[in-house]
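> sequence first, predicted model second:
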Protein chains: 2
Amino acid sequence: MAGALPRSPLAPERLPDLAPIAGVRLAAAACGLKKTGAPDVLFVALDPGTSAAGVYTRSRCPSAPVDWCRRALPKGSARAVVVNAGNANAFTGQAGVKTVAATVVAAAKQVGCDWEEVFVASTGVIGQPLPEDRVARHLPDLAKALGEDWAAAAEAIRTTDTFAKGATRTATIGGTTITITGIAKGSGMIAPDMATMLSFVFTDAAIPAPLLQKALAAAVDQSFNAITVDGDTSTSDTLMLFATGRAGNPAPAGAADLADFQRALDDLTADLARQVACDGEGAQKLITIAVTGAISDRSARRIGLAIANSPLLKTAVAGEDANWGRIVMAVGKSGEPADRDRLGIAIGGVQVARDGMVVDGYDEAPVAAHMKTRSIDIAVDIGIGRGQATVWTCDLTHGYISINADYRS
Amino acid sequence: MAGALPRSPLAPERLPDLAPIAGVRLAAAACGLKKTGAPDVLFVALDPGTSAAGVYTRSRCPSAPVDWCRRALPKGSARAVVVNAGNANAFTGQAGVKTVAATVVAAAKQVGCDWEEVFVASTGVIGQPLPEDRVARHLPDLAKALGEDWAAAAEAIRTTDTFAKGATRTATIGGTTITITGIAKGSGMIAPDMATMLSFVFTDAAIPAPLLQKALAAAVDQSFNAITVDGDTSTSDTLMLFATGRAGNPAPAGAADLADFQRALDDLTADLARQVACDGEGAQKLITIAVTGAISDRSARRIGLAIANSPLLKTAVAGEDANWGRIVMAVGKSGEPADRDRLGIAIGGVQVARDGMVVDGYDEAPVAAHMKTRSIDIAVDIGIGRGQATVWTCDLTHGYISINADYRS
């Protein structure tokens, strides 16, 4: 299906320039899983000494690759990553486990490392066996082709994404400049494939695995955990962060030494997450929902996601309708503490409701004009605490239905 | 908007004959809240001695009428019900509270009862003040017109429903035959109104309020709490059950004496709930999801609702696509205990997957034929316990988007 869909109107003009990361070499190839014959396998080799962190789907029915990554991660060390698009290797029973094993063994042989230093991820159709050596047999050639073509890497992991996604940031640790580059894919979940969210982030910083994991967990909370397209959760969602140590920065003693790194990582992951929201199926508008005044940040994010997941709110935005009643409804259904008579709502910076009622002399004209733009800003003040969060989603359009109902698997 | 939408293809041929209930008299009138000028106020008078039970929205931002009903219910006695369609009187601040008070006082005057014996419900546009005497001033004329036109009552509470909804059942209590008749409205939530779910059920049985409340709570679990159109929760959902006692049955000592009544009430509320699902916005197919083998009935219902609320599953059904991977995905995202390798799925009675894999020699032809029908049956066996539940929903079509995005408020 990739390529059959028009490029999202919310896509950036082009993939940003992605800075190479010392200690990271990549190569992509086609192994025939994508019907178009486009590259669908990515092989990443990492220098010895690379530490690893990971966050995976909360699905109770995770894919075989996710099971493997969870098992390998405690070692905290990585030398290779193998990603394929076109087949999720999910709900494939023992056959799926064998395929993961064959891939891991083959990759470990190429780079000369322990099995637990190899991470795998798969995205694509679910429930269809992935032949045991389909990916593995390409690894020797891929190992010879390793280089720094990050754009090709971002392309290879796409499924039904309408554009490749990537971002680069720099930061300093103990006075040393380090670089972070990440790629991502995901666009909700498109027939016939499940368009899993995958993201791989690499840095040349030297950061031990436990600190790296903490940094990643903090970053994911305000990025990939703060976006939604349709509220559906893939069996295969995977976000990993690898640190090669080649920048030679002084070893961080704790999170305080990583403040600037954390800032850059937060910014980069939020950028990647927004790119995914902008590629939501049928998306015509990016919706940014800022919630303040909740009892906690966690409560604010839940309220934000309840709004972002409301089909009624998303269709109202698609219809360029400033239907704030649907925002009230979504706050109410979130189940989070709220006081109807303290609620305030602004759209496009214009106060619409305050203290639980529409504002006196509400003029819809400037709000209606804002609703016609590509980027819709909704601010909700719960009015009972200091918790805040920002979440992103896209509108729900005929395009979503066409992609998911009209195309047949 | 009522009348502008084509009648749901899942609607019954006509409203069933609704048996009158001794001790219940009704009247409907137009007070100008519906733009079409159709009747939009329902007044129900109940004989002295009528007991009351109620279940209300879980929204944290409930409407003023819901607040009132919650406050009045503990008395357990009812003499009047006032329902209006066209304005939800929600998110209307102190003005909304005053309107409820004016309506309650006027109704109490007409039937000669305490204020706490009057129940009110409103459905329609949110955030727009409902003038204080708009409904109240019609009550004197309505009180003179009381009769037994149940079809007119079912019509009056409609908003954007494409058909009126009602059901009748009989049962015996201690050898005495009793009758139950209920009406309902709801079709998801349609622009520009919030198509709240309202249902009012009446019986001539003599049942004390505490037992009546228990019976209603049990019935709602396997009926209105087991349907979903879009997962959005109204500020105003209201389900009430009134028992006039006019059948003269022996007083029930406990739930055991009400076994046949409970069976009939369960059946009636499930019927009404299915009628609401059949009127889901844009619905072309009714989807019945039977979950077995969960760790508890509660867990089974949560899994069923996760499947029923999945936009991906609902669009797949709209596209007549037997995409069982999306069922796996939804089971996984429910967060309920499940074992991927024990999961079984049947569609239209045909086993598709067993023990976490597609069945050997799976033949899609009979499943594809089933997907073309109006009523889609999905059975999911979690395989780890004895919990079970059945939930109902409808497919997600271009009609939903058109109704909610293309029409403007």
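Yes, it's here.

> list the contacts for residue A:168?
Contact analysis of residue A:168 by C-beta atoms under 8 Å, 6 or more residues apart in numbering or on different chains lists A:16, A:17, A:18, A:19, A:179, A:180, A:181, A:182, A:268. Backbone N, C-alpha and C define where each C-beta goes, glycine included.

> ramachandran angles for the third one?
In other words, residue A:18. Taking degrees, to the nearest 10, you get phi -100, psi 120 for the backbone angles of residue A:18.

> any idea how far the residue lying closest to it once chain neighbours are set aside lies from residue A:16?
In this structure, residue A:18 finds its nearest non-sequential neighbour in residue A:150, 3.9 Å apart by C-beta to C-beta, 6 or more residues apart in numbering or on different chains. As for residue A:150, its distance to residue A:16 is 10 Å (criterion: C-beta to C-beta, to the nearest Å).

> sorry, back to before: of the contacts of residue A:168, closest to residue A:119?
Nearest to residue A:119 among the contacts of residue A:168: residue A:182, at 14.8 Å, using C-beta to C-beta.

> correct me, but the closest one touches residue A:199?
Yes. Using C-beta atoms under 8 Å, residue A:182 is in contact with residue A:199, at 6.0 Å.

> what is in contact with those two at once?
A:269, A:272.

> and for stretch A:259-266, what are the contacting residues?
The contact list for stretch A:259-266 (C-beta under 8 Å, 6+ apart) reads A:169-173, A:178, A:180, A:201, A:203, A:205, A:207, A:215-216, A:218-219, A:222-223, A:241, A:252, A:255.

> show the contacting residues for the closest residue to residue A:325 other than its chain neighbours.
Of all residues not flanking residue A:325 in the chain, residue B:126 sits nearest, at 3.4 Å (C-beta to C-beta, 6+ apart). Residues in contact with residue B:126 (C-beta under 8 Å, 6+ apart) are A:325, A:328, A:329, B:88, B:90, B:91, B:194, B:235.

> for the residues you listed, give me CSV that also has secondary structure.
Output for the contacts of residue B:126, formatted as CSV (DSSP: H, G, I helix; E, B strand; the rest coil):
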residue, secondary structure
A:325, helix
A:328, helix
A:329, helix
B:88, coil
B:90, coil
B:91, coil
B:194, strand
B:235, coil
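
> kindly reformat the residues you listed as JSON lines and extend each row with distance to residue A:306, neighbour count and pLDDT.
Below are the contacts of residue B:126 laid out as JSON lines (distance: C-beta to C-beta, whole Å; neighbours: other C-beta atoms under 10 Å in any protein chain shown; pLDDT from 0 to 100):
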{"residue": "A:325", "distance to residue A:306": "15", "neighbour count": "28", "pLDDT": "85"}
{"residue": "A:328", "distance to residue A:306": "11", "neighbour count": "26", "pLDDT": "88"}
{"residue": "A:329", "distance to residue A:306": "9", "neighbour count": "31", "pLDDT": "85"}
{"residue": "B:88", "distance to residue A:306": "19", "neighbour count": "32", "pLDDT": "90"}
{"residue": "B:90", "distance to residue A:306": "17", "neighbour count": "32", "pLDDT": "90"}
{"residue": "B:91", "distance to residue A:306": "16", "neighbour count": "29", "pLDDT": "88"}
{"residue": "B:194", "distance to residue A:306": "15", "neighbour count": "29", "pLDDT": "43"}
{"residue": "B:235", "distance to residue A:306": "14", "neighbour count": "30", "pLDDT": "81"}
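
> tell me the secondary structure at the nearest residue to residue A:205 once chain neighbours are set aside.
With sequence-adjacent residues excluded and distances taken as C-beta to C-beta, 6+ apart, residue A:205 is closest to residue A:178, at 4.0 Å. Here residue A:178 is recorded as strand under three-state DSSP.

> could I get the pLDDT score of the residue nearest to residue A:374 when sequence neighbours are not counted?
In this structure, residue A:374 finds its nearest non-sequential neighbour in residue A:285, 5.7 Å apart by C-beta to C-beta, 6+ apart. Per-residue confidence (pLDDT) for residue A:285: 95.

> give me the neighbour count for residue A:285.
22 (other C-beta atoms under 10 Å in any protein chain shown).

> starting at the chain centroid, how far to the helix or strand hosting residue A:121?
Taking DSSP states H and E as the criterion, residue A:121 maps to strand A:118-125. Averaged C-alpha coordinates place strand A:118-125 at 15 Å from its chain's average position (C-alpha atoms, centre = their mean, to the nearest Å).

> hmm, who's touching the following helix or strand past that strand?
Once the chain leaves strand A:118-125, the next helix or strand it forms, by DSSP H and E, is helix A:139-144. Residues from elsewhere that reach helix A:139-144 (C-beta under 8 Å, 6+ apart): A:27-29, A:41, A:43, A:45, A:82, A:103, A:106-107, A:109-111.

> nearest residue to residue A:354 other than its sequence neighbours?
In space, residue A:354 is closest to residue A:344, 4.8 Å off (C-beta to C-beta, 6+ apart).

> touching, the one you found and residue A:357? I think so.
No. Applying C-beta under 8 Å as the test, residue A:344 and residue A:357 come out as separate, 9.9 Å apart.

> give the residues shared as contacts by these two.
By C-beta under 8 Å, 6+ apart, no residue touches both residue A:344 and residue A:357.

> which residues touch residue A:384?
Residues in contact with residue A:384 (C-beta under 8 Å, 6+ apart) are A:293, A:294, A:295, A:337, A:338, A:339, A:342.

> need the max-distance pair from those.
Of all pairs in those, the most separated under C-beta to C-beta is A:295 and A:342 at 12.0 Å.

> buried only: go through the contacts of residue A:168 for me.
Using 16 or more other C-beta atoms under 10 Å in any protein chain shown as the burial test, the contacts of residue A:168 include A:16, A:18, A:19, A:179, A:180, A:181, A:182, A:268 as buried.

> so for residue A:188, what's the pLDDT?
62.

> which of the contacts of helix A:139-144 are close to chain B?
For chain B, no contacts are drawn from those by C-beta under 8 Å from any C-beta of the partner chain.

> pLDDT below threshold where in chain A?
A:1-4, A:188-195, A:230-233, A:406-409 (pLDDT under 70).
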